[in-house]
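[1] sequence first, predicted model second:
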Amino acid sequence: LWRFLRLARRLGKVVAWTAHDLESHDRRYAADRIGNAVLARAADLVVCHSEHTRGRLLGRYWGRPETALVVPLGNYDGVYPPPRPAADTRARLGLDPGRRTLLALGLVRRYKGFDVAVEALRRLGPGYQLVVAGHVRPGWEAVADDLRARAAGLPGVALDLRHQDDQEAADLHAAADCVLLPYRWVTGSGALLTS
């Protein structure tokens, strides 16, 4: 990385880094921290999505205040198509129209805490139902298997563990009474702004 950055500088290239995640959400490696410190010092521009992230970048990774800029995450107005009727989406998923519907949506990874959402539903009782929807990338099948095991025999849990296109994502959000974001660790969240 350091050699690449030196070459980029020699070639007159501007190095910009969007510090969306300051640490891996799944596992923390010393090499990642070293790489982040190198980028924080060497980049011509570091885009942080909040003052908190900028502060962590400056303090933990020795970033340069003059190159660290706060640019809040944008919104998704106009990105997603209009949702189809919520009743249609709930029927497609076999959900009870009389229960409050909770949604946990996104890539299926351990740090997202979808297992926490399933356990929360167990405690909420029969007035609620949960949709967990998201793509399982290769290598993360164990997380999906854990979700399936936790949801087995629990009424009111619909698992839709595949990629949802923009229309399906819009439909799921419209059908939900509440979106759950039970992250174990997060720097910033596009999913929050999507919701």
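    Ah, there it is.
[2] got the contact list for the host helix or strand of A142?
    Assessed by DSSP states H and E, A142 sits inside helix 141-151. With contacts defined as Cβ atoms under 8 Å, 6 or more residues apart in numbering, helix 141-151 is touched by 108-110, 114-115, 118-119, 132, 136, 157, 159, 161. From N, CA and C alone the C-beta is placed, and that goes for glycine too.
[3] which residue ranges of this protein form helices?
    2-10, 30-42, 51-60, 86-92, 114-124, 141-151, 166-175, 190-194 (DSSP state H).
[4] show me the two of the contacts of helix 141-151 that sit farthest apart.
    Largest separation among the contacts of helix 141-151 by Cβ to Cβ: E119 and V136, giving 19.4 Å.
[5] the more surrounded of those two?
    Between E119 and V136, counted using other Cβ atoms under 10 Å, V136 has the larger neighbour count: 18 against 14.
[6] lowest-pLDDT helix or strand in this protein?
    Using mean pLDDT, DSSP states H and E, helix 190-194 stands out as the lowest-scoring helix or strand of the chain, at a mean of 82.
[7] would you mark the buried spots in that one?
    Going by neighbour count (16 or more other Cβ atoms under 10 Å), the buried part of helix 190-194 is 191, 194.
[8] could you dump that helix to PDB, C-alpha only?
    This file holds the C-alpha atoms of helix 190-194, laid out as PDB (Å, rounded to 0.1, in the frame of the first residue of the first chain):
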ATOM      1  CA  GLY A 190     -26.300   3.800   4.500                       C
ATOM      2  CA  ALA A 191     -29.000   1.400   5.600                       C
ATOM      3  CA  LEU A 192     -30.200   3.900   8.200                       C
ATOM      4  CA  LEU A 193     -30.500   6.600   5.500                       C
ATOM      5  CA  THR A 194     -32.200   4.100   3.100                       C
END
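[9] right, I'll call it a day here.
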